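> structure for this input, please:
(chains A, B and C)
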Amino acid sequence: MITLNDLKIGYRIGSRVIKAVDGITLTIPDGCIVGVAGESGCGKSTLMKAIYGDIRSPMSLLGGDISYGMNGADGRPVTTANIQKEWFRSVSYIPQSSMNSLNPVIRIRDQFIDFPGTDRNKSRVLERAREHLGKLGLPAETMESYPHQLSGGMRQRVMIALATFFEPALIIADEPTTALDVVVQKEILMLLMDVQERMGNTILVVSHDMGVHYQTTDKMLIMYAGRVVEYGDTESVFADPQHAYTRMLIDSLPTIGDDSMRGVLASLAGAGGDRAFRVEPELIEVKPNHFVARPSLGEVAA
Amino acid sequence: MTVILKTEGLNKVFRQGGLMRSRQIKALNDVNITVEGDKPVVISVVGESGSGKTTLAKTLLRLEAPSSGRATVYDTVVTDTRSLGKRAFLGLVQPIFQNPFEAFSRYRPIDAYLLETATRVANLSGGAAEAAVADTLRSVGLDYAEVRGKYTNQFSGGELQRVSVARALIPQPKLIVADEPVSMIDASRRMIIINLFKKLRDEAGRSFLYITHDLATAYYISDYIVVMSKGQVVEFGAARDVMNNPQHAYTRLLLDSIPTTRSRWRQRAVPTAS
Amino acid sequence: MTATTVSEPAGTARSASRDSWAWLINTRLAVGFVIVSIFTLGAFILPLFAPADPSVQSTYMKNMPLTAAHLLGTNSLGQDIFWLLVFSIRNSLILGGIVAVGVTIISTIVGLSAGFIGGNFEWFVMLVVDTFITIPLLPLLIMLGALIRANQAFLVLAIIIFGWAWAARTVRSMALSLREREFINMARFSGANTIQILAREIFPYVTAYMLVNFINTMLFAINTEATLAVIGVSRVEIPTLGSIVFWALNYNALFTGNYVWIIAPIVATIALFLGLFLLSTGFNQAFANRRGVL
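The predicted model follows:
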């Protein structure tokens, strides 16, 4: 169970500090897929990096903390300070456009061997890797291929394979299907759901596509300007969105077979300026497992 | 009845490789589409990457020459550079490109492009040119005073795309070819642009060729839909017909893969209390 | 990814970058600028106060030590070393400047047009460029110098003719990559013709390179001229940094003990080169920082 406690993350650029995450307090339960939604600049990627523990200059922890509720390989509880050792073991990160993160000059099988913390016994590692790729729907030849010989979808599967090789308790996927075609996207999303069902771990999925969230996630986190606007079970959030911003996001998605006028809320939102959706950092439970933040009234310039 | 868009035997072959071995890639493979009518329409071309939809757009915009075949827009053959000069072509077809952040040079104020279009393509001068720029900006919801003299890094993606639309409108083209115009804009802001296309079709009488991989937005504004796969047209018809009653297996596959918010692909166990 | 809200609604466009020139400042650039400024100002202002034409021999007593009247003493030819140095720095800078201007103009025009227009034109132009690149400048000039007593103008021309090719190749590859960018198409559909696109759209993107290349060419030209002068190939009566060394060597300055005569031009050359080099890399760094931050 991941607990965020008044988390504040910023970027130091010259003499200024830009607040990316501005006070988030919530708990993410084990064993479910949590979707993080919001527009560019809302802080969702920063939050993911912070949870992953990749806090490097110019990014810095301005306040608060994250507790992971699990013990690392050495038996001690995992914290932001020591989480680096758990990378690819208990915690994995699939970055945006990660299909382009594969080393282009080595074969797939060597990517597994190259991996930190692998077995000394190479053939055992390769055997496990082949089996693992098979479970993700990749043919045996993939092992011998170079990344450029595989399609975007296949490369993304390889990334997921690498990320899940050690059966981590937490996987963070930042826009895992954004660069993929819609047919391949469905396959990858189904794959992620399969992986979660088999391993029973927690997956955080960042996406700007509300449809993707509806299909894959159990819980939804909506972010705006560095704060959480709404957080609850996906069914509940979509059936009865509590905050105006959530309503706007859902409304922006046209549906086939639905001839109603869409995007009206987005245009109206434009008129209100970017202060329209600013909220206070505290989340209030308005329905079972469904939290929403109050709109902030006066505002101190961020 | 005017021929709004007609492609006849359109082919485009790319050669990849060097002197010894080379591969031929058929980006467009015998594309035949006919759309006729008297009212302005939105025609969507949907397909995945590699389907040929971008090559089709480039051919219509004369950014690529077809290997064979021809294309007609509003009763004018656009693929023949000899019969249709550059000026006349620019007054007939205008583009909107995918990447709003690359659409304008970093070193030039973006209204320079609009003024240039007004003076060079629409043949207006001085006050008339400025008025035309102000008009089109207003029709996309922007104020000229707010845009004047500013550079591309001072605007958001959505605003830049709207400026692109305004620029395309200045010479009053009959057809605007929009190549994935909203794919680089936040999902929640896309509808502003899409609704704008709708408005321009209905109120200003402009026809659009909307290239996209997003079927949902295609459904939302199109009158006609062309479904492409691997360089060929697999299905074509009135939007409502194709989307609600797909005939081709590929179209059905595409429709099936869209993550909607109506019914779930897979039922998931209700999570325990957090 | 920074967190500045990118998705702002209509009308509230952000203000222009407040630190417009701050990105330019870094240590290298500052030091280089100071050095080059001192040389340039000194080289162009001081000659106005020169008591006599320093290149005329036997103006003064020979081999005088450093005094108030002769800041660097005099040499075996009866010339005041200090004024000789000042005038030679001026001449070297002028020579370097003219060559740099010539090379920059030619290489930019050739490179941009070849890269942008493409096709057979590009093929032919690059053939010419590659031919010029492979011709070694120094040996050629030495051979020519042995045949003709090269004067300054000839030298300037020769260095320009054989120096433009390298930069042209770089500019061409820049043009090639710029050609594919979307705003070029935008300009086309706004009615611009090829010349207008080259001048308004592409040119601003190569100015950074042109500036750095200008400075490097100056360095190269001064260096080449100095080399030729030292071996006596050019007109050594005209005071340049190289010619002072030539005469110093010929008159065995080291043996006669007139160290200042030979060391002064060497130190001046090194300092000038250092200044130009720092200026060039300083600009490079500033441009790179700007690209990274923006």
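> next, A:Val184: secondary structure please.
Taking DSSP: H, G, I helix; E, B strand; the rest coil as the rule, one finds A:Val184 in the helix state.
> again, but for B:Ala112
For B:Ala112, the secondary structure call by three-state DSSP comes out as helix.
> quick check: pLDDT value at it.
Model confidence at B:Ala112, given as pLDDT, is 93.
> okay, now it: neighbour count?
Other residues within reach of B:Ala112, judged by other C-beta atoms under 10 Å in any protein chain shown, total 17. The way it works is simple: take the backbone N, C-alpha and C, and place the C-beta from them, glycine included.
> count the residues that sit near A:Gly14.
Using other C-beta under 10 Å, A:Gly14 has 9 neighbouring residues.
> how about the residue of the stretch 101-250 of chain B found nearest chain C, phi and psi?
Among the residues of the stretch 101-250 of chain B, B:Arg120 lies nearest to chain C; the distance is 2.8 Å by C-beta to the nearest C-beta. Backbone dihedrals for B:Arg120, given as degrees, to the nearest 10, come out at phi -90, psi -40.
> number of nearby residues for it?
Look at B:Arg120: counted by other C-beta under 10 Å, it has 18 neighbours.
> verify the stated contact: it with C:Arg188.
No. B:Arg120 lies out of contact with C:Arg188 (C-beta atoms under 8 Å); the separation is 10.6 Å.
> my read: B:Ile4 touches B:Tyr74, true?
Yes. Under the criterion of C-beta under 8 Å, B:Ile4 makes contact with B:Tyr74 at 6.2 Å.
> these two: who's more crowded?
Residue environment comparison for B:Ile4 versus B:Tyr74 gives the larger neighbour count to B:Ile4, 24 against 16, counting by other C-beta under 10 Å.
> helix, strand or coil for the closest residue to that one other than its chain neighbours?
By the measure of C-beta to C-beta, 6 or more residues apart in numbering or on different chains, the closest residue to B:Ile4 outside its immediate chain neighbours is B:Val35, 4.7 Å from it. Taken by three-state DSSP, the conformation at B:Val35 corresponds to strand.
> ok but B:Phe208 is inside a strand, no?
Yes. Secondary structure of B:Phe208 (three-state DSSP): part of a strand.
> count of neighbours near it?
A count of neighbours around B:Phe208, defined by other C-beta under 10 Å, yields 24.
> distance of it from B:Met191?
Note on B:Phe208: its distance to B:Met191, by C-beta to C-beta, to the nearest Å, is 15 Å.
> and the residue of the stretch 101-250 of chain C that's closest to chain B?
Using C-beta to the nearest C-beta, the single residue of the stretch 101-250 of chain C nearest to chain B is C:Gly191, 2.8 Å away.
> just the helices in chain B please.
Counting by DSSP state H, chain B forms helices over residues B:53-60, B:86-92, B:111-116, B:126-139, B:144-147, B:157-169, B:187-204, B:215-221, B:239-244, B:249-257, given from the N-terminal end onward.
> the last one vs chain A: in contact?
Yes. Helix B:249-257 lies within reach of chain A by C-beta under 8 Å from any C-beta of the partner chain, at B:Leu253, B:Leu254, B:Leu255, B:Asp256, B:Ser257.
> buried ones among these?
A residue is treated as buried here by neighbour count (16 or more other C-beta atoms under 10 Å in any protein chain shown); on that basis the buried members of the residues of helix B:249-257 next to chain A are B:Leu254, B:Leu255, B:Ser257.
> hang on, the earlier thing: count the neighbours of the residue nearest to B:Ile4 for me.
B:Val35, neighbours per other C-beta under 10 Å, totals 18.
> these two touch, right, it and B:Thr2?
No. Between B:Val35 and B:Thr2 there is no contact under C-beta under 8 Å: 9.7 Å.
> among the buried ones among the residues of helix B:249-257 next to chain A, which one lies nearest to chain A?
Sorting these by how near they are to chain A, with C-beta to the nearest C-beta, puts B:Ser257 at the top with 4.1 Å.
> you'd agree the closest one is up against A:Leu180?
No. Counting by C-beta under 8 Å, B:Ser257 does not reach A:Leu180; the two are 10.5 Å apart.
> distance check, C:Pro51 against C:Gly78.
Relative to C:Gly78, C:Pro51 is positioned 14 Å away (C-beta to C-beta).
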